[in-house]
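Student: sequence and predicted structure, then a few things I'm wondering about:
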Amino acid sequence: MREACVAVALTLACGTAAAQDYPSRPVRLIAPFAPGGGLDATARLIAQRLTANLGQSVIVDNRPAVDGVIGTELVARANPDGYTLLMVNMSHAINAAVGKKLPYDTLKDFAPITQTNDQQLLLVVIPSLPVKSVAELVALLKSRPGALSYGSSSNAVALPMELFKSLTHTDVVHIPYKGSGPMMNDLLGGQIQLTFGASISTVPQVKAGRLRALAIGDSKRSALMPDLPTVAESGVPGYQAVIWNGILAPARTPPALVARLNREIVNILRTAGFRARMENLGSDVVGSTPAEWGRFIADEIVKWSQIAKTAGLKPDA
């Protein structure tokens, strides 16, 4: 018993010392999606400020593939020393919710650091599509079942659209992409006609007139676009979806190091300049504790499991 207590004390002492000396070399922040999307933009904003605050480079490493699974597995297998971190979005929970076969345990293989932000989802269409409201879009989709397509960079976008299809009894073809950047290029080029896109990447296109926004996915309107109605108030009652981001470390990362990372990142999130920058991109800052963030992910898996079953979304969708 005494030996066990001594071992625990030594582990805690080593973890505290590691947190005090951290970081002594560059830190890698894995972004498991292609550059140009909302997750990537958020990761880069945080990495830039962490670099200044920590005195060591925090490098964003994009590893796009399989709804974020490849990059996520890389972090699950990394040394739990704080030098490899992971930026996730809602796909982290949805991959588990839809029953995708994963090479890691979504909850057990990661140490939660903090939920960073919520991004509003906008239902957008190309300007040439003859619709200016959700009601007109639904009518068009019902008149041309399977004729139009939507793009998604991950299940975090696919599931909100599949929920929309289920609630409106419409048929839209799903075209998956490895990242929101490539998906946006095809949307702007007219190869696909609509999507639910994170506001951080769609709002600039809407303001430039390259896309038309029909509604916002959340249950409340956005302060950035207050005249844009929600999907629910546009004739699809019960619809609600946002896309969230947050940071994880490998499981068994020392608690003192987790606490240090949480403190550093939350302090960044709470600065007026960062908050204003995120709000201008249609994103609400969160900044939760590790325990709150862990519970949130677990709750999201339960929530989207139920919605995936109702929407009929399969693991490979």
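Tutor: That came through, no problem. Small disclaimer: the values here were computed from a predicted structure and weren't measured.

Student: I figured Gly209 hits Val124, correct?
Tutor: No: using Cβ atoms under 8 Å as the test, Gly209 is too far from Val124 to be in contact (11.9 Å). Bear in mind the C-beta positions are built from the backbone N, C-alpha and C, glycine included.

Student: what comes up buried for the strand or helix carrying Arg263?
Tutor: If you go by DSSP states H and E, Arg263 is part of helix 255-269. Residues Ala256, Leu257, Val258, Ala259, Arg260, Leu261, Asn262, Glu264, Ile265, Val266, Ile268, Leu269 are the ones in helix 255-269 that count as buried (16 or more other Cβ atoms under 10 Å).

Student: surely Ala223 is within a strand?
Tutor: No: under the criterion used here (DSSP: H, G, I helix; E, B strand; the rest coil), Ala223 is coil, not part of a strand.

Student: tell me which stretches of this protein form strands.
Tutor: For the chain, applying DSSP state E gives strands covering 27-31, 58-62, 84-89, 110-125, 149-152, 173-176, 194-198, 212-216, 242-250, 283-285.

Student: out of those, which gets nearest to Ile70?
Tutor: Among the strands of the chain, strand 27-31 comes nearest to Ile70, with 9.5 Å by Cβ to Cβ.

Student: show me the domain layout of the chain.
Tutor: 2-118+244-311, 120-234 (automatic domain parsing).

Student: just send the ones you listed back as a markdown table, with mean pLDDT too.
Tutor: Shown next, in a markdown table, are these (pLDDT from 0 to 100):
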| stretch | mean pLDDT |
| --- | --- |
| domain 2-118+244-311 | 90 |
| domain 120-234 | 92 |
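
Student: what about the residue lying closest to Val124 once chain neighbours are set aside, distance to Leu122?
Tutor: For Val124, ignoring the flanking residues on the chain, the nearest one in space by Cβ to Cβ, 6 or more residues apart in numbering is Leu211 at 4.5 Å. As judged by Cβ to Cβ, to the nearest Å, Leu211 and Leu122 stand 8 Å apart.

Student: more neighbours: which of these two?
Tutor: Per other Cβ atoms under 10 Å, whichever of Leu211 and Leu122 has more neighbours is Leu122, with 28 against 23.

Student: thought that one was touching Pro229?
Tutor: No: taking Cβ under 8 Å as the definition, Leu122 is not a contact partner of Pro229, at 11.4 Å.

Student: what is in contact with the two at once?
Tutor: Ala215, Ile216 (Cβ atoms under 8 Å, 6 or more residues apart in numbering).

Student: quick one on the thing from earlier: of Gly209 and Val124, who's got more company?
Tutor: Ranked by neighbour count (other Cβ under 10 Å), Gly209 and Val124 place Val124 first, with 26 against 8.

Student: who's the more buried one bridged to?
Tutor: Per DSSP bridges, the residues bridged to Val124 are Thr195, Ala213.

Student: roughly how far is stretch 244-258 from the heart of the chain?
Tutor: Averaged C-alpha coordinates place stretch 244-258 at 16 Å from its chain's average position (Cα atoms, centre = their mean, to the nearest Å).

Student: let me fix that: stretch 81-89
Tutor: Relative to the centre of its chain, stretch 81-89 is centred 14 Å away, using Cα atoms, centre = their mean.

Student: quick one: buried residues of it?
Tutor: Across stretch 81-89, burial judged by 16+ other Cβ under 10 Å covers Asp81, Gly82, Tyr83, Thr84, Leu85, Leu86, Met87, Val88, Asn89.

Student: and what of stretch 192-206?
Tutor: If you call a residue buried by 16+ other Cβ under 10 Å, then stretch 192-206 has these buried ones: 192-203, 205-206.

Student: before we move on, back to that, any chance of a markdown table for the buried residues of helix 255-269, columns distance to Ala298?
Tutor: Shown next, in a markdown table, are the buried residues of helix 255-269 (distance: Cβ to Cβ, whole Å):
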| residue | distance to Ala298 |
| --- | --- |
| Ala256 | 24 |
| Leu257 | 22 |
| Val258 | 17 |
| Ala259 | 20 |
| Arg260 | 24 |
| Leu261 | 20 |
| Asn262 | 18 |
| Glu264 | 24 |
| Ile265 | 21 |
| Val266 | 20 |
| Ile268 | 25 |
| Leu269 | 22 |
